[in-house]
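Asks: Just a sequence and a predicted model for now, questions to come.
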Amino acid sequence: MLDYDREAARYDATRGGDARAEAAAEAVERLLPEGARVVVDVACGTGIVTARLRRPGRRVAGVDRSAGMAGVAASRLPGAVVRGDAARLPLADGSADAVTIIWLLHLLDLAGSAAVLAQAARALRPGGALLTTVDKSAAAYRTGDDVAALVGPAGDAHTPPPSDALDRVLEVGSGLGLRMAGRTTFAGLGQGRSPRGWREVIPESSWGRRMDAAALAELGSRLGDLPDQDRPRPDPVYTLVALVKQG
């Protein structure tokens with residue numbers, strides 16, 4: 001897994017920067033409960049999205065396990081960021097109107113993601129909402145272009161059931177008293193990859209390392225045969241869902 005402490009200083013610049021953060025924040029706003037006064041962004045990272053959620057009359061806080069990330073986030077939200085584990089949230093029961101979890105569940109195993117969802121449900125008041133991204137990793141290669149036609153089948157074939165799959169999140173959420181209440185999408189601006197870019201990242205990706213050498217070489221060769229080797233293909237489109245805690 002990425003060393004987030006070391007990456008914190010350059011994380012935003014390598015992940016779409018302000019443009020992607022603005023798109024993500026706008027998607028969150030579309031799903032936040034009306035009148036939400038306490039919003040907690042779990043795994044807030046650098047706070048680049050979290051800071052965009054501040055509004056008059058709304059208290060926004062960030063939680064992140066990485067000291068490096070939390071330090072950058074604190075510069076954006078002074079006094080409103082704490083270090084903490086998403087699986088052991090430093091929040092009182094029923095203390096939040098909304099909990100947001102952007103780009104975290106896909107990094108965890110099944111047990112870890114279930115623990116994070118349980119903590120979010122515990123922290124929500126009845127009627128509060130959990131907002132989380134789902135199916136994050138697959139979005140990168142489900143972009144409907146010539147690269148996706150090659151990468152998609154390989155990625156799907158060598159990826160175990162993701163911990164952030166929508167059906168699984170809904171199933172775990174149902175057991176926690178959470179019901180799906182909304183869904184939206186947003187673009188990962190600036191994250192579309194070129195054929196050459198895919199050839200470079202696949203061997204080091206989690207699913208690329210599961211491919212045998214011959215299959216990996218064949219995929220690389222076919223990607224190398226595509227035109228416009230350095231032209232980024234369409235940006236991935238991410239899915240965000242809202243699950244409301246039943247009273």
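Replies: Arrived safely, thanks for sending.
Asks: pLDDT-wise, which helix or strand of this structure ranks last?
Replies: helix 4-11 (a mean of 63; mean pLDDT, DSSP states H and E).
Asks: C-terminal to that helix, what's the next element?
Replies: Next helix or strand after helix 4-11 toward the C-terminus (DSSP states H and E): helix 17-31.
Asks: which residue ranges form the helices in the chain?
Replies: For the chain, helices defined by DSSP state H occupy the ranges 4-11, 17-31, 67-76, 110-123, 136-139, 146-157, 166-175, 195-201, 213-224.
Asks: Who are the packing partners of the third one?
Replies: So that's helix 67-76. Here helix 67-76 is seen to pack against helix 4-11, strand 59-64, strand 81-83 when contacts are counted using 3 or more Cβ pairs under 8 Å, 6 or more residues apart in numbering; DSSP states H and E. Bear in mind the C-beta positions are built from the backbone N, C-alpha and C, glycine included.
Asks: so how far is the shortest one off the chain centroid?
Replies: Put plainly, it is strand 81-83. How far strand 81-83 lies from its chain's middle: 19 Å, per Cα atoms, centre = their mean, to the nearest Å.
Asks: now do the second one
Replies: For strand 59-64, the separation from the chain centroid amounts to 16 Å (computed by Cα atoms, centre = their mean).
Asks: ok, that strand: who's next to it in the sheet?
Replies: The strands that strand 59-64 pairs with in its sheet are strand 38-42 (parallel), strand 81-83 (parallel) (by DSSP bridges).
Asks: Name the residues that touch that strand?
Replies: With contact meaning Cβ atoms under 8 Å, 6 or more residues apart in numbering, strand 59-64 is reached by 37-45, 47, 50-51, 53-54, 70, 73, 77, 80-84, 86, 89-91.
Asks: of these, buried ones?
Replies: Taking 16 or more other Cβ atoms under 10 Å as the criterion, what is buried in the contacts of strand 59-64 is 38-45, 47, 50-51, 53, 70, 73, 77, 80-84, 86, 89, 91.
Asks: What count of nearby residues applies to residue 26?
Replies: Residue 26 has 13 neighbours, counted by other Cβ atoms under 10 Å.
Asks: again, but for residue 243
Replies: With other Cβ under 10 Å as criterion, residue 243 counts 28.
Asks: Pull up the distance across stretch 33-40, start to finish.
Replies: 13 Å (Cα to Cα, to the nearest Å).
Asks: what's near enough to touch the spatially most central residue of the chain?
Replies: For the chain, residue 103 is the residue whose C-alpha lies nearest the centre (Cα atoms, centre = their mean; 1.4 Å). Taking Cβ under 8 Å, 6+ apart, we find residue 103 in contact with 43, 45, 133, 136.
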